[in-house]
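J.: Make a model of this:
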Amino acid sequence: MNIHSLKTEAMSDSQPDTLPAAPPDPKEAREAEILNSIRKTFIEKGFDGASMQDLARAAGMSVGNFYRYFSSKAAMVEALIRLDLAEVEAKFAMILAADDPFEALRFGLHERISEEVAVCEDGALWCEIHAAAARKPEIAAVVFGMEDEIVCYLNHAFALITGLSEADCRERFGAHARVAIMMVKAVAMQKKGGKPVTDGAAVGALVQRIVDAILDEVAAARAKG
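T.: This next block holds a predicted model:
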């Protein structure tokens, strides 16, 4: 679902108040299980060092069956990013629906930064993925495509907060969105041997203040128009 489709549309009298949830896709559920099972292998062996045989073994599958789900490492990265984007999209949906979207966005970014300080495994995995992106154009396209999506989410939130058009927000605050993303990424990937740095909490608190300054500049546009 695109962030621009989050507005609720009126339903006709003949339609039910709520639509039944779509049944879960068994293939997508299985893909998520496989991705969770191979994270540790990617971290331990590295993106290039982990063979398809290693990854299939970690997932408890034959190589042939593994290829039915993921034809390449690039496909795995794309699936990992799709999972992460689904979580980001759900959080932005809550921000846009909040009584005070600005404070909801601030809280959500603070929460994400705190999570990245505490969770070492995800940071180590993203270090591997970004290192691979520097060498492999197909991985870079997927990684930076994810960042572009998150910029769109932030821009939509900025437009709601300021009352400006999305085109104006892209021009005035596109760099703000990019820097906010850079800050969160930097916290996530600041690990030593898969462990948080000793001053990780202080780094996280400082990044939260930097993000606050970015958001305050955006919010100031409400008064200036």
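J.: Could you use CA atoms for every contact and neighbour count after this?
T.: Fine.
J.: For residue 138, give me the pLDDT.
T.: Per-residue confidence (pLDDT) for residue 138: 87.
J.: Same check on the one 5 residues further on?
T.: Looking at residue 143, its pLDDT reads 89.
J.: List the buried residues of stretch 27-44.
T.: Buried residues in stretch 27-44, defined by neighbour count with 16 or more other Cα atoms under 10 Å: 31, 34, 35, 37, 38, 39, 40, 41, 42, 43.
J.: Would you format those residues as JSON lines with distance to residue 104, pLDDT and secondary structure included?
T.: What follows is these, written out as JSON lines (distance: Cα to Cα, whole Å; pLDDT from 0 to 100; DSSP: H, G, I helix; E, B strand; the rest coil):
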{"residue": "31", "distance to residue 104": "31", "pLDDT": "89", "secondary structure": "helix"}
{"residue": "34", "distance to residue 104": "33", "pLDDT": "92", "secondary structure": "helix"}
{"residue": "35", "distance to residue 104": "30", "pLDDT": "89", "secondary structure": "helix"}
{"residue": "37", "distance to residue 104": "33", "pLDDT": "89", "secondary structure": "helix"}
{"residue": "38", "distance to residue 104": "33", "pLDDT": "89", "secondary structure": "helix"}
{"residue": "39", "distance to residue 104": "31", "pLDDT": "85", "secondary structure": "helix"}
{"residue": "40", "distance to residue 104": "33", "pLDDT": "84", "secondary structure": "helix"}
{"residue": "41", "distance to residue 104": "36", "pLDDT": "88", "secondary structure": "helix"}
{"residue": "42", "distance to residue 104": "34", "pLDDT": "84", "secondary structure": "helix"}
{"residue": "43", "distance to residue 104": "33", "pLDDT": "82", "secondary structure": "helix"}
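J.: of all the residues you listed, which comes closest to residue 84?
T.: Of all the buried residues of stretch 27-44, the one with the least separation from residue 84 (Cα to Cα) is residue 35, at 11.7 Å.
J.: Now the closest one: closest residue in space, sequence neighbours ignored.
T.: residue 80 (7.0 Å; Cα to Cα, 6 or more residues apart in numbering).
J.: Looking at the backbone only, give me phi and psi for that neighbour.
T.: Backbone geometry at residue 80, expressed as degrees, to the nearest 10, gives phi -60, psi -40.
J.: Quick check: it touching residue 36?
T.: No: look at residue 80 against residue 36 with Cα atoms under 8 Å: they stay out of range, at 9.1 Å.
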